[in-house]
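J.: Below is the structure, and that's it, no one-letter string:
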């Protein structure tokens, strides 16, 4: 992947194939353009129905998203932990959730006949952790614990690739406060941090009232990307800016202001969900704190999820065409790709080391580009073929070294795929353009 400190395309494991014979995946099973593009272009590969390998380019995008989330969690004093994937089902029985019908729950039994759950979420596990060290002094609160890990859901019919799978990557946070007022303040702070996460991603989103469902609690909000393939229907009132999942209200009138003529119905992909839980889990599982007068008080909780693997797929779904992948700059595996001349061409001997020099200069002058420049060193292929590959993969800035680079003064061809624009620029102009037109 790296040659002489540079990221080189020839070394990246990117199997560009339509369908893997081993996966038993047929074209009829590929039900969204994001799934098709991510498979075809070697970002993911299906391991089994609803489960996917993240290949190097896909994982690089996922790690960029994780970095954004970690940054924003740090700002609100979130502390990163890692809970076990297996949760003893006794905890779910004690919280009452196992008494409710949960069709999509993976349950397993070990050799000692103990029952466990492959956790889709960790409210019980987080609460049990606090309970095991309770009572904790009120001085330690608010406490905000989060993790990023694989979760599991026994989907009857997995679909849309990473958007609805059986195993998925999620960021989940569990907050604990000494009273309801403090917990509500925490809820607002976490929601504001989620706003910043989605602002940094750079895709239009909407925050709507949602159903608490089997999770419970008294308040819930969903973060949605607007998309025609979305499985959620969203009601938005242009009169009072009220918005909610349609399952909470009717389709004809705004439940907030009663207006009917300014109602807008849209479909969306849920990419985040927040819940104000109160004492739903802390009370039955015994998570308490020691108050100022040394009395035990039941902790107030919040639960907050971001579907990270789903966000990646939803971003591709929203931005891409049917044939070309597009990424927001913040999540693109690489922001710039450089194409040197074909081996044996007239331009090759006259532009020796030009691509490597430009690569180094871009990373030096624009620090945010470090690790985000890619050299397409497959010089046995024509410039045209490599350009089509780069465009289809969704690289924002495609720099071509050609005949104009051999002239005096020398120029570079820059293709801005986001703006569908081709420019001929000097080196200084090229660097300045990329700096001004990339959102890091």
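T.: Thanks, I have it. These numbers were taken from a predicted model, which means no experiment stands behind them.

J.: Can you identify each of the helices in the protein by residue range?
T.: Here the chain has its helices, by DSSP state H, at 33-40, 56-75, 89-95, 123-132, 180-201, 282-285, 308-319, 347-350, 354-365, 383-393, 403-406, 427-436.

J.: just so I know, which of the ones you listed lies nearest residue 266?
T.: If you check each of these against residue 266 by Cβ to Cβ, helix 308-319 wins as the nearest, at 12.5 Å. Using the backbone N, CA and C atoms, a C-beta is placed for each residue, glycine as well.

J.: Report the distance from the closest one to the chain centre.
T.: How far helix 308-319 lies from its chain's middle: 7 Å, per Cα atoms, centre = their mean, to the nearest Å.

J.: got it, and stretch 80-97?
T.: Relative to its parent chain, stretch 80-97 has a centroid offset of 24 Å by Cα atoms, centre = their mean.

J.: repeat for stretch 88-99
T.: When C-alpha coordinates are averaged (Cα atoms, centre = their mean), stretch 88-99 and its chain have centres 29 Å apart.

J.: and what of stretch 70-87?
T.: Chain-centre distance of stretch 70-87: 15 Å, with Cα atoms, centre = their mean.

J.: list the buried ones in it?
T.: By 16 or more other Cβ atoms under 10 Å, the buried positions in stretch 70-87 come out as 72-73, 76, 78, 83, 86-87.

J.: Of those residues, just say which sits nearest to residue 395.
T.: Comparing the buried residues of stretch 70-87 against residue 395 with Cβ to Cβ places residue 72 closest, at 26.1 Å.

J.: so what's the closest residue to the closest one other than its chain neighbours up against?
T.: The shortest distance from residue 72 to any residue other than its chain neighbours is 4.7 Å, reached at residue 193 (Cβ to Cβ, 6 or more residues apart in numbering). Contacts for residue 193 were tallied using Cβ atoms under 8 Å, 6 or more residues apart in numbering; they are 72-73, 75-76.

J.: can we see that at 10 Å?
T.: 69, 71-76, 78, 144, 173, 304 (Cβ atoms under 10 Å, 6 or more residues apart in numbering).

J.: mind checking how far it is from residue 185?
T.: Using Cβ to Cβ, to the nearest Å, we find residue 193 at a distance of 13 Å from residue 185.

J.: what do the two both touch?
T.: Joint contacts of residue 193 and residue 185 (Cβ under 10 Å, 6+ apart) do not exist.

J.: farthest pair in the contacts of residue 193?
T.: Between any two of the contacts of residue 193 (Cβ to Cβ), the greatest distance is 15.8 Å, for 71 and 304.

J.: Can you check the pLDDT for residue 20?
T.: We have a pLDDT of 45 for residue 20.

J.: Distance-wise, check the residue nearest to residue 72 relative to residue 95.
T.: From residue 193 to residue 95 the distance is 26 Å (Cβ to Cβ).

J.: before we move on, the earlier item: among the contacts of residue 193, which one sits closest to residue 423?
T.: residue 71 (32.2 Å).

J.: Let me see the contact set for that closest one.
T.: Applying Cβ under 10 Å, 6+ apart, the residues near residue 71 are 193, 196-197, 200.

J.: Of these, which is the most crowded?
T.: Within the contacts of residue 71, residue 197 tops the neighbour count with 23 neighbours, counted by other Cβ atoms under 10 Å.

J.: Residue 201 versus the residue nearest to that one when sequence neighbours are not counted, what's the distance?
T.: Excluding its sequence neighbours, the residue lying closest to residue 197 (Cβ to Cβ, 6+ apart) is residue 72, at 5.1 Å. Counting by Cβ to Cβ, the separation of residue 72 from residue 201 is 11 Å.

J.: Good, we can wrap up now.
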